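1. No sequence on hand, only this structure:
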């Protein structure tokens, strides 16, 4: 049995975890996404998605293995047989710390980076072991809104039009003043038609749905009120981790439409193939989230290279304290990024 701390009432294990997460929050987790972002940014605009992604993966893995954690990647670059690095199930860290789950996307928006378009990010979330949804690398149907609304306001099982009307009513504005963010994909043709039919605006994005979900938390700044549509499950878990820290609502449902996908899901302990996951089920407990801009975007500025200086911008969040830190850093020891 874990010993209790008389002053805090927390067990020794909980206190150790909290102390490590505090340290990671203030410095180490930022370095992880900074290094990945800088590595990817060196490939910006060169048209080579694989090179950009591999550079980010390599840099993130090196930094993760320096952290004082016993970490397991539960959301990663793919599954063991499909990804050479940072695959689901890979163990990272020095093993000299608490067991933690890690969800990551070393380069969210590989196409965006390759074309030097807005909103490419390096992203990671860390939580106590068993706290993040361990899901296969498949698609996920998602809906998300920002904070300040009644619980359960939007539902995956409602139509896009029904959800937007409910949001407009709760916000006290006409439907025409709501803007939905949707990935620009052929699979979303009916969703787009449904939304436009009621007079709602749409922000179509080519990639980067983690940023799209986060943008719903500050519609006055971003112009986005709601995120709707199908994207990657890894991005869904990472977005849920961010919303846990800054507020909002999200639902997600894995798209397990083949026997092979259902078999992979079952290996990870998923038996209900139609389950709708709430935000709190995708990212439970004390969650840390960090993202560094690779290219310029609504959320973060991209990496800047200027002579002997590299400038990065990172947002770091923690669900336990609802703390959001914005860190703009100038890096002068450039050898550290090689």
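-> Alright, I've got the coordinates. Values in this document were obtained by computation on a predicted structure and should not be read as measured data. Numbers count the residues shown, from 1 in each chain.

2. mind listing the helices for this protein?
-> Along the chain, counting by DSSP state H, helices occupy 12-23, 29-41, 49-64, 110-115, 160-171, 189-197, 209-214, 219-222, 233-246, 259-267, 279-282.

3. Out of these, flag the one nearest residue 147.
-> For the helices of the chain, proximity to residue 147 was assessed by Cβ to Cβ; helix 233-246 is nearest, at 7.2 Å. Quick note: C-beta positions are derived from backbone N, CA and C, even for glycine.

4. could the helices of the chain go into CSV alongside mean pLDDT and distance to residue 153?
-> As requested, the helices of the chain are arranged in CSV below (pLDDT from 0 to 100; distance: least, Cβ to Cβ, whole Å):
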stretch, mean pLDDT, distance to residue 153
helix 12-23, 60, 31
helix 29-41, 96, 31
helix 49-64, 95, 35
helix 110-115, 94, 30
helix 160-171, 98, 6
helix 189-197, 96, 17
helix 209-214, 92, 15
helix 219-222, 91, 14
helix 233-246, 94, 14
helix 259-267, 93, 28
helix 279-282, 96, 13
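
5. For residue 145, find the nearest of the ones you listed.
-> Shortest distance between residue 145 and the helices of the chain, using Cβ to Cβ, is found for helix 160-171: 6.2 Å.

6. buried sites along that closest one?
-> Buried residues in helix 160-171, counting neighbours by 16 or more other Cβ atoms under 10 Å, are found at 160, 161, 163, 164, 165, 166, 167, 168, 171.

7. Low-confidence regions, the stretch 201-338 of the chain specifically.
-> Scanning the stretch 201-338 of the chain with the threshold set as pLDDT under 70 gives 334-338.

8. repeat that for 80
-> 333-338 (pLDDT under 80).

9. Hmm, residue 116 and residue 43 touching each other?
-> No. With contact defined as Cβ atoms under 8 Å, residue 43 does not reach residue 116; the gap is 9.7 Å.

10. Between those two, which is the more surrounded one?
-> Taking other Cβ atoms under 10 Å, residue 43 and residue 116 do not tie; residue 43 has more neighbours (23 against 17).

11. Contacts only, for the more buried one.
-> 51, 52, 55, 113, 114 (Cβ atoms under 8 Å, 6 or more residues apart in numbering).

12. so who does the nearest residue to it once chain neighbours are set aside touch?
-> Excluding its sequence neighbours, the residue lying closest to residue 43 (Cβ to Cβ, 6 or more residues apart in numbering) is residue 52, at 3.7 Å. By Cβ under 8 Å, 6+ apart, the contact list for residue 52 reads 40, 43, 44, 46, 107, 110, 113, 114.

13. What are the boundaries of the strands in the stretch 201-338 of the chain?
-> 201-205, 226-232, 249-254, 277-278, 287-293, 304-306, 309-318, 323-331 (DSSP state E, counting those that start in this stretch).

14. correct me, but residue 207 touches residue 112?
-> Yes. The criterion here is Cβ under 8 Å, and residue 207 meets it with residue 112 at 4.9 Å.

15. how many other residues sit next to residue 258?
-> Neighbours of residue 258 using other Cβ under 10 Å come to 10.

16. tell me the contacts of the residue nearest the centre of the chain?
-> For the chain, the residue nearest the mean C-alpha position is residue 238 (2.6 Å; Cα atoms, centre = their mean). With contact set as Cβ under 8 Å, 6+ apart, residue 238 has these partners: 75, 103, 104, 105, 108, 123, 124, 125, 210, 289.

17. who's the fourth one bridged to?
-> In this structure, residue 105 bridges to residue 123 when assessed by DSSP bridges.

18. show me the contacts for it.
-> With Cβ under 8 Å, 6+ apart, residue 105 has these contacts: 75, 121, 122, 123, 124, 210, 234, 235, 238.

19. Thank you, goodbye.
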